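[1] what follows is a predicted structure for the sequence shown.
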Amino acid sequence: MEILNVVSVNTKTVLLISSEQNLRDVLEACLIDLAGWQVLTAEDLLAGLGQAALDQPDAIILVMSKFGRDGFMFLQQLRKNTLTQEIPIVIMISGSKWMDMELFEKYRVTGIIDYEIDPVILPHQVANLLGWEDRYRLN
């Protein structure tokens, strides 16, 4: 079995937005424990908008599973606000039935990750998508 050793990029702050408490808890633990990032959380889109403007995270991870089309309204509001318009966004989604890639491009989504992945590799995928120095190595 491969074990993930981490030398973290400690200076990053990520806002994780998910309406699913259990999923949010697992993802938050992985981002903190494996990447050493500071993780802010929000359980709904409105709270996420406020927290993004207030805290100015280095990136936002938005789990779209329950938000559906409201997630695009969130992206629109995020991009309209001068305090949040440049924050990179990574979308986590299960499946692609309703995904509208043109909308993702319109709102400058940095990348998309399937949230049914092994959460242990989440920090690695996020760091790669965001172009952050990736210091993860598998043994």
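    Structure's in. What do you need?
[2] quick check: bridge partners of residue 16?
    Legend: beta-bridge partners of residue 16 under DSSP bridges are residue 41, residue 61.
[3] buried residues in the lengthiest helix in the chain, which are they?
    Assignment by DSSP state H gives helix 21-35 as the longest helix of the chain. Residues of helix 21-35 classed as buried: 23-24, 27-28, 30-31, 34-35 (neighbour count, 16 or more other C-beta atoms under 10 Å). In short, each C-beta sits where N, CA and C put it, glycine included.
[4] got it, and stretch 70-89?
    For stretch 70-89, by 16+ other C-beta under 10 Å, it's 71-72, 74-75, 77-79, 84, 87-89.
[5] give the contact list for the nearest residue to residue 45 once chain neighbours are set aside.
    Spatial nearest neighbour of residue 45, chain neighbours left out: residue 74 (4.2 Å); criterion: C-beta to C-beta, 6 or more residues apart in numbering. Going by C-beta atoms under 8 Å, 6 or more residues apart in numbering, residue 74 touches 17, 45, 48-49, 62, 67.
[6] circling back: list the helices and strands the longest helix of the chain packs on?
    The contact analysis (3 or more C-beta pairs under 8 Å, 6 or more residues apart in numbering; DSSP states H and E) places helix 21-35 against strand 4-6, strand 13-17, strand 38-42, strand 59-63, helix 122-130.
[7] nearest the geometric middle of this protein, what residue?
    Centroid-nearest residue in the chain: residue 61, 1.4 Å away (criterion: C-alpha atoms, centre = their mean).
[8] and the contacts of residue 74, which two are furthest apart?
    Across the contacts of residue 74, the longest distance by C-beta to C-beta is 12.2 Å; it joins 49 and 67.
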